[in-house]
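**Student:** could you look at this predicted model? Sequence included:
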Amino acid sequence: MLDPEPKQGTKRKKFPVSALPGYPPDCDHTHTHERRTTFQACRHLGQCTNTCPCVKSRVTCEKSCICSPSCPRRWRGCTCKREGKACTLENKCICAKANRECDVDLCHTCGAVEALDPKNRYNDAFSNNCCQNVALQRDMPKRTLLGRSAVAGFGLFVGEDVKGGVFLGEYKGEVITTEEADRRGKLYDRRGVSFLFNLNSNQVIDATRAGNKFRYVNHSAKKPNCYARVFMANCTHRIGMFARRDLVAGEELFFDYG
Ligand SMILES: [Zn+2]
Ligand SMILES: [Zn+2]
Ligand SMILES: [Zn+2]
Ligand SMILES: [Zn+2]
Ligand SMILES: [Zn+2]
């Protein structure tokens, strides 16, 4: 199973466990997808107590929770200003730092609403000057082409020049449980090819049958030129693939499975 993390190319500072600024200290699993399960909203009125699933999982409450609107656990989005490229790790957007995409219902000042407005979807000049943290929801992948790999079998190639850090596309597939992934993994290991990708602590993406082109990105520990990152977008975990550096049209994509 794969669980890659960006190792270079991004100045990614992780929160120390237990510190999610502005939230109760027991929300420390919110941003660590590998330590939390898929989100299940709380279904009780009033305060969140020890029986609340959000408290039990050590995660923040989300907009779909029906606990008190004044619940201090509730994720409140960011307050970034819509200026140039907003909501990046470099400008310390709390959504970006917490591995979450901005939320049109919560992030009102960064331009997330405008960035996701269908009429701005194809306007790069517009989207370069507002919230940058909505790539999976905006779903505007870069041009990629399937071809004979320089390494083995098929590979995926960029079909246009792209800048470092840019969203290339989403790693899609069946969302299955970790138990089912363990079962399938044994079969895939025998065949010597596996497209399993850890999503969180109880779900795995299997791109074997219902995947997209990104499953053809080959492994390179030495020269990875893209990386995968798990985001929570609208209460769901999803995997985005990003350029690790500037890429030239025709380059084969590699990422470090390790
Ligand atoms: Zn609750
Ligand atoms: Zn909740
Ligand atoms: Zn922001
Ligand atoms: Zn935000
Ligand atoms: Zn934003």
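**Tutor:** Done, it's in. Ligands and ions are numbered 1, 2, ... in the order given.
**Student:** correct me, but residue 33 touches residue 236?
**Tutor:** No - shown here, residue 33 and residue 236 do not form a contact pair, counting by C-beta atoms under 8 Å, at 11.1 Å. The way it works is simple: take the backbone N, C-alpha and C, and place the C-beta from them, glycine included.
**Student:** ok, these two, which is more surrounded?
**Tutor:** residue 33 (23 against 14; other C-beta atoms under 10 Å).
**Student:** pLDDT value on that one, please?
**Tutor:** For residue 33, the pLDDT comes out at 90.
**Student:** secondary structure element for it?
**Tutor:** For residue 33, there is no host helix or strand (DSSP states H and E).
**Student:** then the one 4 residues further on?
**Tutor:** According to DSSP H and E, residue 37 maps onto no helix or strand at all.
**Student:** can you confirm residue 239 is in a strand?
**Tutor:** Yes - the assignment for residue 239 by DSSP: H, G, I helix; E, B strand; the rest coil puts it in a strand.
**Student:** what's the closest non-adjacent residue to residue 206?
**Tutor:** residue 174 (4.7 Å; C-beta to C-beta, 6 or more residues apart in numbering).
**Student:** let me fix that: residue 220
**Tutor:** Using C-beta to C-beta, 6+ apart, the closest residue to residue 220 is residue 254 (3.6 Å).
**Student:** residue 43 now?
**Tutor:** residue 66 (6.2 Å).
**Student:** ok now stretch 39-50, how far from the chain's centre?
**Tutor:** Distance, stretch centre to chain centre, for stretch 39-50: 25 Å (C-alpha atoms, centre = their mean, to the nearest Å).
**Student:** er, stretch 221-241 I mean
**Tutor:** How far stretch 221-241 lies from its chain's middle: 5 Å, per C-alpha atoms, centre = their mean.
**Student:** that one near ligand 5 anywhere?
**Tutor:** No - using C-beta under 5 Å from the ion, stretch 221-241 stays clear of ligand 5, with a minimum separation of 11.7 Å.
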